[in-house]
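Chemist: Need the 3D shape of this:
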Amino acid sequence: MKYSLLLLALLFLHGCAHLGHFDSSIDRVQLVDQYLAEHEYSKALTLISNTSKEDPQARKLEKRRKTILDQLHTYEQQTIAIALKQERKNDWPAAKLTYEEALKKHNTSKPLDEAQEAMLKRFHRRMDALECEELIGTGEWLSKKLPLLRTLHESDPENLIIQWKYFRTENEVKEIARELVKTGEQMLAEDNLAMAQRILPLAAKLASGPESESAVHRLDSKLKKREVKKEKSRRIIAQKKDEKEIEAFNQAMAHGKLSEARQHLTRLTPTTATSVDAELMQERLDRAISNFIQEEISIGDSFYRAGEYEQSIKVWQNILRLEPGNETVQSKLKRAEKIVEKLNTLQRRQEKQ
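Modeler: Numbers count the residues shown, from 1 in each chain. Next up is the predicted model:
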């Protein structure tokens, strides 16, 4: 009886102490600051929400709400960054613990919940991938082991140990082949064709049968469809690229930028470059270049005859930038350069005298 009364008294005192957190006489602002220092954001926000508007500290507490939310946002970002670092180090238990500890501080945090869920999905994908690698490794090892045991068994059929190993390995091969087909079909369902390509042919190699052959056929069908889709996408991309190059070619021609126009023609895809349209554009460019060179040669000759050798050099150099192999212009340029060199030499001698 004495102990019962003592227990009731302790429970009553504990209840009074718990209610003290919401007593009007307590400094709630100070308590919120304490929660903030301990990153107990849920407690701080709950305390503010449970405070009556008539409370003398209600206005101060509402002002604290924005500070709490700002600090909470920073805390969430820091927590996620820490967990990601731990994940990159393959320390998955530490990352999980980081999220769990943070959610204890604020159990209604959507960013933390979503980040933890994404981390767990990545973990399960990683485990599934490792299990697939283990299964493939086992299958590849058995594909090498079984032929060796078969050869030994055929060379010594009375050897009971070899016989037992051979038949046991045969059963193991069949079991692994079934697992490979099952996993390969799952990869097909998930459209993970890269992994399905590694798994299903191996399953058919280990134990060819209707199930594995059907799965391989579905894989081939999906691969063909994907390749057709990729080829169509490549054609669309190439067509758009060629359209831009043709438009740029026409603009360059309109402004007399013949070198630039030539570059745009060289950038056309092989299919378009051999088309009739491309041939017509090349003919148009060749005519423009021929006319330009004839006009420039005439201008260069006029400068040369007038004794404006340096001007003629500039004109002919401009032609060679467009048509480097023009031997006529190369000859004219060399002749003009020699004259300029002689004139410069003569001028230097006169200056010395």
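
Chemist: Let me know the average pLDDT across stretch 116-130.
Modeler: Across stretch 116-130, the average pLDDT comes to 93.

Chemist: Below-threshold pLDDT in the protein: ranges please.
Modeler: 1-26, 353 (pLDDT under 70).

Chemist: I'd say residue 323 and residue 329 touch.
Modeler: Yes: here residue 323 reaches residue 329: they are 7.5 Å apart, a contact under C-beta atoms under 8 Å. For every residue, glycine as well, the C-beta is placed using N, CA and C.

Chemist: which residues are common contacts for these two?
Modeler: Residues touching both residue 323 and residue 329 by C-beta atoms under 8 Å, 6 or more residues apart in numbering: residue 293.

Chemist: Those two: which has the busier surroundings?
Modeler: residue 329 (22 against 14; other C-beta atoms under 10 Å).

Chemist: What residues of the host helix or strand of that one count as buried?
Modeler: Per DSSP states H and E, residue 329 falls inside helix 327-352. Using 16 or more other C-beta atoms under 10 Å as the test for burial, helix 327-352 gives 329, 332, 333, 336, 337, 339.

Chemist: likewise stretch 57-65?
Modeler: Under the neighbour-count criterion of 16+ other C-beta under 10 Å, stretch 57-65 has 57, 61, 64 buried.

Chemist: Among those residues, which lie within helices?
Modeler: The helices, defined by DSSP state H, take in 61, 64 from the buried residues of stretch 57-65.

Chemist: Present the buried residues of stretch 57-65 as JSON lines; the columns should include distance to residue 122.
Modeler: As requested, the buried residues of stretch 57-65 are exported to JSON lines (distance: C-beta to C-beta, whole Å):
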{"residue": "57", "distance to residue 122": "45"}
{"residue": "61", "distance to residue 122": "40"}
{"residue": "64", "distance to residue 122": "36"}
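
Chemist: Quickly name whichever of the buried residues of stretch 57-65 is closest to residue 113.
Modeler: residue 64 (24.2 Å; C-beta to C-beta).

Chemist: Compute the distance between that closest one and residue 337, please.
Modeler: Distance, residue 64 to residue 337, using C-beta to C-beta, to the nearest Å: 84 Å.

Chemist: ditto for residue 210
Modeler: From residue 210 to residue 337 the distance is 83 Å (C-beta to C-beta).

Chemist: and what of residue 312?
Modeler: According to C-beta to C-beta, residue 312 and residue 337 sit 10 Å apart.

Chemist: got it, and residue 154?
Modeler: Distance from residue 154 to residue 337, counting by C-beta to C-beta: 87 Å.

Chemist: and what of residue 240?
Modeler: Residue 240 sits 47 Å away from residue 337, going by C-beta to C-beta.

Chemist: What of residue 307?
Modeler: The value you get for residue 307 to residue 337, if C-beta to C-beta is used, is 15 Å.

Chemist: With residue 178 instead?
Modeler: Taking C-beta to C-beta, one finds residue 178 at 83 Å from residue 337.

Chemist: Same question for residue 163.
Modeler: Look at residue 163 and residue 337: by C-beta to C-beta, they are 93 Å apart.

Chemist: And for residue 160?
Modeler: 97 Å.

Chemist: need the contact list for residue 180.
Modeler: Contacts of residue 180 by C-beta under 8 Å, 6+ apart are 135, 136, 139, 199, 200, 202, 203, 206, 212.

Chemist: rerun that using 10 Å as the cut-off
Modeler: Contact analysis of residue 180 by C-beta atoms under 10 Å, 6 or more residues apart in numbering lists 132, 135-136, 138-139, 198-207, 212, 215.

Chemist: so which strand or helix has it?
Modeler: Using DSSP H and E, residue 180 sits within helix 160-189.

Chemist: and if you look at residue 222?
Modeler: Using DSSP H and E, residue 222 falls within helix 210-254.

Chemist: residue contacts, residue 109?
Modeler: Contacts of residue 109 (C-beta under 10 Å, 6+ apart): 41, 42, 72, 73, 75, 76, 79, 99, 102, 103, 115, 116.

Chemist: wait, I meant residue 311
Modeler: 299, 300, 302, 303, 304, 336.

Chemist: re earlier: closest to residue 51 out of the buried residues of stretch 57-65?
Modeler: Of all those, residue 61 has the smallest distance to residue 51: 5.5 Å, by C-beta to C-beta.

Chemist: so the residue nearest to the closest one when sequence neighbours are not counted, which of the three states?
Modeler: Closest residue to residue 61 apart from its sequence neighbours, by C-beta to C-beta, 6 or more residues apart in numbering: residue 48 at 4.7 Å. The local conformation at residue 48, judged by DSSP: H, G, I helix; E, B strand; the rest coil, is helix.
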